[in-house]
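> Predicted coordinates and the sequence they were generated for:
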Amino acid sequence: MYTFDSRIRYSEVDEKEHLTLTALLDYFQDCSTFQSDDSGVGMDYLRKMHMAWVLNSWQIDVTRFPKEGERVTIGTIPYTLRGPLGYRNFFMNDAEGNRLAAAQTIWTLLDMEEGIPVNAPQKVIDAYPIGEKLDMEYLPRKIRPAEDGKELEAIQVMKHHLDANHHVNNGQYVRMAMELIPEGKMPWRLRAEYKAQARLGDIMYPVLYSGEDVYTVSMNDAEGNPYAIVEFTL
């Protein structure tokens with residue numbers, strides 16, 4: 001297990017002064033990056049090895065969104081590392097140790113020169129002690145949207161959407177998708193499935209699938225193939 005402490009900042013909250021879902025996701029992404037950096041297998045090491053971790057899927061379940069100024073602990077638990085696949089939990093607790101949110105993710109280690117999955121080297125395996133996975137509901141990785149989606153206005157990938165890997169950051173897909181669902185209640189569950197990498201200048205064509213309490217946004221290319229599928233439960 002790896003943890004760090006923080007405090008909810010004004011820049012991370014919504015109109016009601018609660019941490020946003022996308023800011024929560026950013027905390028979790030930062031937590032895994034900090035663990036990798038502190039263990040000597042961060043981005044500098046991976047670049048030298050011509051490797052990168054690519055995120056396959058998110059599931060985030062929220063019990064309560066903390067308010068501005070609250071002190072929190074963010075943690076991550078790698079619970080399975082098998083071949084090129086890594087399975088990792090995340091959590092956020094309040095100052096009293098109450099669970100605010102829990103998440104599970106699946107990652108693939110890629111050889112960036114060949115563009116294929118590669119087994120984790122021993123140094124990477126040693127950097128991530130395996131822990132017991134969190135007690136939460138584990139939903140399937142794949143998201144299957146309902147029928148009869150509504151096509152929405154196209155979105156062009158801009159510079160601010162990109163991360164250090166020169167493609168759209170995982171959290172940016174969620175930010176874009178959240179802008180397309182009805183305003184009102186904050187989603188308490190997020191699922192995201194990542195299928196392709198969008199880069200600067202690419203055009204994404206969102207399709208919105210509406211349910212009673214579930215909204216799904218498929219961020220597609222011009223041929224209708226998804227870059228990412230994001231599902232919100234309200």
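The structure has been received and is ready for your questions.
> Skipping its backbone neighbours, what lies nearest the residue most central in space within the chain in space?
Per C-alpha atoms, centre = their mean, the C-alpha nearest to the average position across the chain is that of Trp58, at 5.0 Å. The shortest distance from Trp58 to any non-neighbouring residue, by C-beta to C-beta, 6 or more residues apart in numbering, is to Ala192 (4.2 Å). All C-beta atoms are positioned from the backbone trio N, CA, C, and that covers glycine.
> Identify the residues contacting the one you found.
Ser57, Trp58, Ile143, Asn170, Tyr173, Val174, Ala228, Ile229, Val230, Glu231 (C-beta atoms under 8 Å, 6 or more residues apart in numbering).
> Closest one of those residues to Ala127?
Asn170 (20.9 Å; C-beta to C-beta).
> right, and the residue nearest to the centre of the chain touches Asn170 too?
Yes. The criterion here is C-beta atoms under 8 Å, and Trp58 meets it with Asn170 at 7.2 Å.
> shared neighbours of these two, which are they?
Listed contacts common to Trp58 and Asn170 are Leu25, Ala192; contacts here mean C-beta under 8 Å, 6+ apart.
> Name the surrounding residues that touch the longest helix along the chain.
Longest helix in the chain, counting residues (DSSP state H): helix 21-38. Helix 21-38 is contacted from outside by 2-4, 6, 12-13, 42-43, 58, 60, 62, 65, 72, 74-76, 88, 90, 92, 101, 103, 105, 127-128, 170-171, 174-175, 178, 186-187, 190, using C-beta under 8 Å, 6+ apart.
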